[in-house]
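> pasting the sequence and the predicted coordinates here, then a few questions.
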Amino acid sequence: MPSVARVVETLVLWIAVSVLCPSVLFAQHEDFEVSFQHATSAMHRGHLDEAAAEFSKCIAAEPSFAESYFNLGLVRLQQGRFDDAISQFERSLKLKPNLRGANLFLGIARYRRDQYEEAETALKRAVESEPSNPDALMWLGMAQLASGDTISALTNLQSASNLKPNSSDILYHLGRAYMQMSKETYERLYKTDPQSWRIHQILADAFTEADRLDDAAKECQLAINLKPNEPGLHQQLGDIYWKKNQLEKAESEFANELEINPQNFTAMYDLGTISIERSKPRVGEELLKKVLLTHPNSLEAHYQLGRAEAQLGNSDAAIDNFSAVVKGSSQADPDIVRQSYYQLSQLYRRVQRPEESRLALNSFLRLKQEADAQQNQKLEDKLKRSAEPQPQ
């Protein structure tokens, strides 16, 4: 959750200057203007007690100047005196109902006091006046999520993310909303049919995400026992076995999936790839050719078919498939591009094409060097981040 100080520091930037600097029309006393300027300066320097004292003087001198109450509210919000902040924001709104930022910070203060419904009311007003303000949408979504209105929260947090896609705060709360929606959906499913095979499928998903693969396999098998001919379940179990490096079991499950749904090209590709891993290149060749008949631009399928053809000794066919990967390298996974160059270097040497073998090997070495450098940079960045002081 964003800290109060960071929220105030960030959001004050878009509030109109008139909120922070009194207009001559309102400033009837020179002492008032001096106090307001001192208070504003103290607030920006983080001297909150001094700022509060000066803004209080401003209120005493000009009790009809809404901006003084607003700024005192900002100070109290940073001090964690949320009830006082709420009172000041409400006073500012009575004097100036359209004061920019007042409803937003009133909503934030009420949220901090766990007054979620009241916070939502204020934040809705903030969004009405600033519909493209991602921070107002974020806080509204947070209030709705806290009050149990997950669907509305998702809508507003997604809108906030669309406006400010790289905000870690917005993405965090959007993730929370999606997790809450998933939880509520699963709970409804369990209440509707506690014996449903879907429950076991959901648990298998959760265990897979948590890398508890033994538990995931057990739950997926229970789902299959209840719904043996359901498309996708054997595919899911095959994926789990593959992650566990139990290739024979994975192979069997992908084959079972294809019996139920012969047009599942993902299972067909996976079975073809595992067949190659298990030294069954002829089976892999047949399956991957079927995949390419329907998905001729699949560079992954070309790569795996190239491996099968190489194992079968079909050098020209293997070269054609690895060359297809290299040709489409901008759309391919960097790993398979790099490995395709290596395979080409070996195949060209096998068919007595030394110059092409040398060029392919040089490309492989260059890509490997680049990949190693990127990996080292990621490691250095990770070490730097771990050494940095963490925000409180």
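Yep, it's here.
> please enumerate the helices of the stretch 251-392 of the chain.
Using DSSP state H, counting those that start in this stretch, the helices of the stretch 251-392 of the chain run over residues 265-277, 281-294, 299-312, 315-327, 334-350, 354-387.
> of all the ones you listed, which lies closest to residue 51?
Comparison of the helices of the stretch 251-392 of the chain against residue 51 by C-beta to C-beta identifies helix 354-387 as nearest, at 33.9 Å. (Each C-beta comes from the backbone N, C-alpha and C, glycine too.)
> state the mean pLDDT of that closest one.
Helix 354-387 shows a mean pLDDT of 87.
> now it against helix 315-327, angle please.
With axes from the mean of the first three to the mean of the last three C-alpha atoms, to 10 degrees applied, the angle from helix 354-387 to helix 315-327 works out at 40 degrees.
> so which elements touch helix 354-387?
helix 334-350 (3 or more C-beta pairs under 8 Å, 6 or more residues apart in numbering; DSSP states H and E).
> reformat the helices of the stretch 251-392 of the chain as CSV; add mean neighbour count.
Formatted as CSV, the helices of the stretch 251-392 of the chain follow (neighbours: other C-beta atoms under 10 Å):
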stretch, mean neighbour count
helix 265-277, 23
helix 281-294, 19
helix 299-312, 23
helix 315-327, 19
helix 334-350, 19
helix 354-387, 12
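> of all the ones you listed, which lies closest to residue 43?
Across those, closest to residue 43 is helix 354-387 (C-beta to C-beta), at 31.4 Å.
> so that closest one versus helix 334-350, what angle?
Going by the same axes, to 10 degrees, helix 354-387 makes 160 degrees with helix 334-350.
> any idea how far helix 354-387 is from the chain center?
27 Å (C-alpha atoms, centre = their mean, to the nearest Å).
> ok, now stretch 36-52?
Stretch 36-52 has its C-alpha centroid displaced from the chain centroid by 38 Å (C-alpha atoms, centre = their mean).
> same question for stretch 47-59.
That offset, for stretch 47-59, works out to 41 Å (C-alpha atoms, centre = their mean).
> which residues touch that stretch?
Contact with stretch 47-59 is made by 22, 31-32, 35-36, 38-40, 42-43, 65, 68-69, 71-72, 75-76, 78-79, as judged by C-beta atoms under 8 Å, 6 or more residues apart in numbering.
> now which of those residues would you call buried?
22, 32, 35-36, 38-40, 42-43, 65, 68-69, 71-72, 75-76, 78-79 (16 or more other C-beta atoms under 10 Å).
> returning to that earlier point: okay if I get the helices of the stretch 251-392 of the chain as a markdown table plus distance to residue 146?
Output for those, formatted as a markdown table (distance: least, C-beta to C-beta, whole Å):
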| stretch | distance to residue 146 |
| --- | --- |
| helix 265-277 | 40 |
| helix 281-294 | 48 |
| helix 299-312 | 44 |
| helix 315-327 | 50 |
| helix 334-350 | 43 |
| helix 354-387 | 30 |
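> nearest to residue 131, of these?
Evaluated over the helices of the stretch 251-392 of the chain, closeness to residue 131 peaks at helix 354-387, with 35.7 Å, by C-beta to C-beta.
> so what's residue 281 up against?
By C-beta under 8 Å, 6+ apart, the contact list for residue 281 reads 275, 307, 308, 309, 311, 312.
> ok, it to residue 317 distance?
Residue 281 is 11 Å from residue 317, where distance means C-beta to C-beta, to the nearest Å.
> hey, what's in contact with both of these two?
residue 309.
> hmm, back to that, between all of the contacts of residue 281, which two are separated the most?
Taking C-beta to C-beta, no two of those sit farther apart than 275 and 309, at 13.2 Å.
> could you list the low-pLDDT ranges of this protein?
Residue ranges of the chain with pLDDT under 70: 1-30, 385-392.
> can you do 50?
10, 13-20, 22-27, 390-392 (pLDDT under 50).
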